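In: Provided below for reference: sequence and predicted model.
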Amino acid sequence: DQQVKQNSPSLSVQEGRISILNCDYTNSMFDYFLWYKKYPAEGPTFLISISSIKDKNEDGRFTVFLNKSAKHLSLHIVPSQPGDSAVYFCAPYNAGKSTFGDGTTLTVKP
Amino acid sequence: EAGVAQSPRYKIIEKRQSVAFWCNPISGHATLYWYQQILGQGPKLLIQFQNNGVVDDSQLPKDRFSAERLKGVDSTLKIQPAKLEDSAVYLCASSLEDNTEAFFGQGTRLTVV
């Protein structure tokens, strides 16, 4: 029973364009939603989060949107840069811990 | 500020052998997590400590995996005996109490042959 699904294993975009990464979840008890970024041979690092009482949170080039009724969130990166190439994990949070999706590998081409 | 330290970085063992991983969390972080990340999947929580007490070990295969957190600081994760399917990256993470953001170490890549 996979509570968190990132249905696109990979995404390729051109530098300067928008990257949109999607995440679906089933557990309505999640109260925060985090995104982590992971480079090869490194541990995940926190990128941005949103509380369940909000529908949008913006931090520089990164914006996360939450649609609670659809149990769906998305991460927008504008403009995308080659350094953004990494694996992105959606990680909803509840009761002191996050549940991770399987990740989306983003490749930004120069 | 020093990050989460893990050792070793890599380990290769034969099946049925035992192995141990070590983690030193960020100073002052009360919560410590061990995750298992199999290739192509997201990290899966094995065990969560709050100080030196276990909060959640529901996903820990207790017949072969064990973990402890001495004095609420360092932690070790042990596998005995190892199976081929234990091949994965083992990630340690820590966080401030009641803080959603976790800080991860670089992980230990285990290969069981």
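Out: Structure received. Residues are numbered from 1 along each chain as shown, chains lettered A, B, ... in the order given.
In: make it CA atoms for all contacts and neighbour counts henceforth
Out: Fine.
In: Give the phi and psi angles for residue B:70, as a check.
Out: phi -80, psi 130 (degrees, to the nearest 10).
In: Get me the contact residues on chain B for chain A.
Out: Selection of chain B residues close to chain A by Cα under 8 Å from any Cα of the partner chain yields B:40-45, B:91, B:98-107.
In: Which of those fall in strands?
Out: Residues of the residues of chain B next to chain A located in strands (DSSP state E): B:44-45, B:91, B:103-104.
In: State the pLDDT value of whatever residue of chain B ends up closest to chain A.
Out: Closest residue of chain B to chain A, Cα to the nearest Cα: residue B:42 (4.0 Å). What the model reports as pLDDT for residue B:42 is 96.
In: The least confident helix or strand in chain A by mean pLDDT pairs with which strands, parallel or anti?
Out: Lowest on mean pLDDT, DSSP states H and E among the helices and strands of chain A sits strand A:97-98, with a mean of 92. Strand A:97-98 sits in its sheet next to strand A:86-94 (antiparallel), going by DSSP bridges.
In: Need phi/psi at residue B:105.
Out: Main-chain torsions, residue B:105, degrees, to the nearest 10: phi -80, psi 180.
In: where's the residue nearest to residue A:59 when sequence neighbours are not counted, which helix or strand?
Out: The spatially closest residue to residue A:59, leaving aside those adjacent along the chain, is residue A:48, at 7.3 Å (Cα to Cα, 6 or more residues apart in numbering or on different chains). Using DSSP states H and E, residue A:48 sits within strand A:45-51.
In: Who does residue 77 form a beta bridge with?
Out: If you meant another chain, say so; for now it's chain A. Note on residue A:77: beta-bridge partners residue A:19, residue A:62, judged by DSSP bridges.
In: nope, chain B
Out: Assigned bridge partners for residue B:77, using DSSP bridges, are residue B:21, residue B:67.
In: May I have the helix or strand that contains residue B:111 as CSV, with CA atoms only?
Out: Element membership for residue B:111, per DSSP H and E: strand B:108-112. Output of strand B:108-112 as CSV, limited to C-alpha atoms (Å, rounded to 0.1, in the frame of the first residue of the first chain):
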residue,chain,number,x,y,z
THR,B,108,26.1,3.8,3.8
ARG,B,109,25.9,1.8,0.7
LEU,B,110,25.6,-1.9,1.6
THR,B,111,26.1,-4.7,-0.9
VAL,B,112,25.3,-8.2,0.1
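In: could you say what helices and strands that strand packs with?
Out: strand B:10-13, strand B:88-95 (3 or more Cα pairs under 8 Å, 6 or more residues apart in numbering or on different chains; DSSP states H and E).
In: which residues touch the closest residue to chain B within chain A?
Out: Minimum separation of chain A from chain B (Cα to the nearest Cα) falls at residue A:102, amounting to 4.0 Å. Applying Cα atoms under 8 Å, 6 or more residues apart in numbering or on different chains, we find residue A:102 in contact with A:5-6, A:9, A:89, B:40-43.
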